[in-house]
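[1] Please work out how this folds:
(one chain, ligands or ions: 3)
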Amino acid sequence: MKKGVLLVNLGSPDSPTPKDVKKYLGEFLMDERVIDIPTIARAALVKGIILKTRPKQSAAAYQKIWWDEGSPLIVISERLQAKVQEQLDMPVGLAMRYGSMTIKKGLQALVDQGVEEVLLFPLYPQFAMATTETITVLAEELREAHFPNLKIESFPAFYNKPEYISVLSNSIKAYLQDKNYDYVLFSYHGVPERHIRKSDITKSHCKIDGSCCATPSKAHEFCYRHQCLEVTRLVAEKLGLEAGTFSTSFQSRLGFDPWLQPYTDRTIERLGKQGVKNMAIVTPAFVSDCLETLEEIAMEGQELFHEVGGNDFTTVPCLNDDQEWASLLATWVENWAKA
Ligand SMILES: C=CC1=C(C)c2cc3[nH]c(cc4nc(cc5[nH]c(cc1n2)c(C)c5CCC(=O)O)C(CCC(=O)O)=C4C)c(C)c3C=C
Ligand SMILES: [Fe+2]
Ligand SMILES: [Fe+2]
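    Ligands and ions are numbered 1, 2, ... in the order given. Next up, the predicted model:
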């Protein structure tokens, strides 16, 4: 059977105009795994409230980070795809969960090249209902409706694979080598606490308290919070960071529900007020730089840190198209193809 791989990332608007941002956010936020409330309530919230104001505000943010070639997230994902393709004999496709580069088009392009068996590769180190799950569910729906003879297998969350932790730690170490820092903040995209409880396959483990994520459980296979805390622990260990000089926080909260805490903005503020002068910030929920790293962290986060007395604020780039990272992806794909 001819094999191929489809890398899948989140997606971006076609352009940073309020019109295109509105279209993109409409698709994104109407996903039942992103805003997980009943359809009528979701439509009222998204179409009646969020889409009335957010597109203008988000478009202004996108305009600050947009590149001549397009959305950073898309351009970086394309560069990564090209590097992975250089190392593999099988076709390597790229698709986005939202926006114009659809998963349907990505699957069709592979089928057109004769592929009969696809490795679906969500580009997210940690599992989340709003990221990995929505990709795998949609791909299966598309397979049933349009590609009934195609075999699709999904690559699971890779947050604790030693080779991933190594590549991530190496890239952070290389970037911070000659930088001034006395604290490393690991900031992950947040999710509503409710998402964590919904993904708990034991239905009773996740209490989102001080201990559940450190207590071994089957629930952790699908616990975003546990997986983020593990990445921090493993990378800190690898980099030899001392206790008290690093911590985890969660960014990009939207709406009024409780999301995973501590929140990144409040953490930056607290650390600055407590006397941290030189902060490095890493964002391991994202494999590519995007609005959430380039604007929310590198611009807004830095401004906040300076306001509360901080000096240096270093935003460590995501893995992006790092050569070691591309080689690791190619190795994982090869291992799958051989199995
Ligand atoms: C409202 C709910 C949202 C959930 C839940 C959520 C989870 C989630 N998102 C990412 C990765 C990215 N999100 C990005 C942008 C973004 N995310 C939300 C909302 C939720 N995300 C919104 C409304 C936006 C758009 C921008 C804005 O208006 O603030 C991006 C950046 C995309 C880009 O074009 O650069 C990424 C990447 C993860 C990993 C995650 C759960 C773990
Ligand atoms: Fe998001
Ligand atoms: Fe937990």
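[2] alpha carbons only for contacts and neighbour counts from here, please
    Fine.
[3] Please verify my assumption that Gly272 contacts Asn311.
    No. Counting by Cα atoms under 8 Å, Asn311 is not a contact partner of Gly272; they are 9.0 Å apart.
[4] okay, these two: which has more neighbours?
    Gly272 (21 against 17; other Cα atoms under 10 Å).
[5] show me the contacts for Tyr24.
    Going by Cα atoms under 8 Å, 6 or more residues apart in numbering, Tyr24 touches Ser12, Pro13, Tyr98, Gly99.
[6] doesn't the second one fall inside a helix?
    No. With DSSP: H, G, I helix; E, B strand; the rest coil as the criterion, Pro13 is located in coil rather than a helix.
[7] All further residue positions should be reported with the first residue as 514.
    Right, with 514 as the first residue, what we last looked at is Pro526.
[8] and it, what does it touch?
    Counted by Cα under 8 Å, 6+ apart, Pro526 has contacts Asp533, Val534, Lys536, Tyr537, Leu538, Ser584, Gly612.
[9] quick one: the helices in the stretch 664-813 of the chain?
    675-689, 706-711, 737-752, 777-786, 804-807 (DSSP state H, counting those that start in this stretch).
[10] looking at the ones you listed, which is closest to ligand 3?
    Proximity to ligand 3 (Cα to the ion) singles out helix 737-752 among the helices of the stretch 664-813 of the chain, at 5.4 Å.
[11] Would you mark the buried spots in that closest one?
    Across helix 737-752, burial judged by 16 or more other Cα atoms under 10 Å covers 737-749.
[12] And for that helix, what's in contact with it?
    So helix 737-752 is in contact with 639-641, 672-673, 678-679, 681-682, 686, 699, 701, 709, 726-727, 733, 755, 759-761, 773, 797-798, going by Cα under 8 Å, 6+ apart.
[13] What about ligand 3: which of the residues you listed touch it?
    The overlap between the contacts of helix 737-752 and the neighbours of ligand 3 (Cα under 5 Å from the ion) comes to Cys726.
[14] Keep only those of the contacts of helix 737-752 that are in strands.
    Counted as lying in strands by DSSP state E, out of these, are Phe699, Tyr701, Phe759, Ser760, Thr761.
[15] quick one: which of those residues is most hemmed in?
    Tyr701 (27 neighbours).
[16] Write down the beta-bridge partners of that residue, one by one.
    The partner list for Tyr701 in beta bridges (DSSP bridges) reads Phe763.
[17] For Ile810, see how far away it is.
    According to Cα to Cα, to the nearest Å, Tyr701 stands 11 Å off from Ile810.
[18] again, but for Asn848
    36 Å.
[19] With Ala658 instead?
    In terms of Cα to Cα, Ala658 sits 40 Å off from Ile810.
[20] For these two, indicate the residue with more neighbours.
    Ile810 (24 against 9).
[21] any shared contact partners between Gly785 and Asn824?
    With Cα under 8 Å, 6+ apart as the test, Gly785 and Asn824 both reach Phe818.
[22] Tabulate the buried residues of helix 737-752 (a markdown table), appending distance to ligand 1 and pLDDT.
    Shown next, in a markdown table, are these (distance: Cα to the nearest ligand atom, whole Å; pLDDT from 0 to 100):
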| residue | distance to ligand 1 | pLDDT |
| --- | --- | --- |
| Tyr737 | 7 | 98 |
| Arg738 | 9 | 97 |
| His739 | 12 | 97 |
| Gln740 | 10 | 98 |
| Cys741 | 9 | 98 |
| Leu742 | 13 | 97 |
| Glu743 | 15 | 98 |
| Val744 | 14 | 98 |
| Thr745 | 15 | 98 |
| Arg746 | 18 | 98 |
| Leu747 | 19 | 98 |
| Val748 | 18 | 98 |
| Ala749 | 21 | 98 |
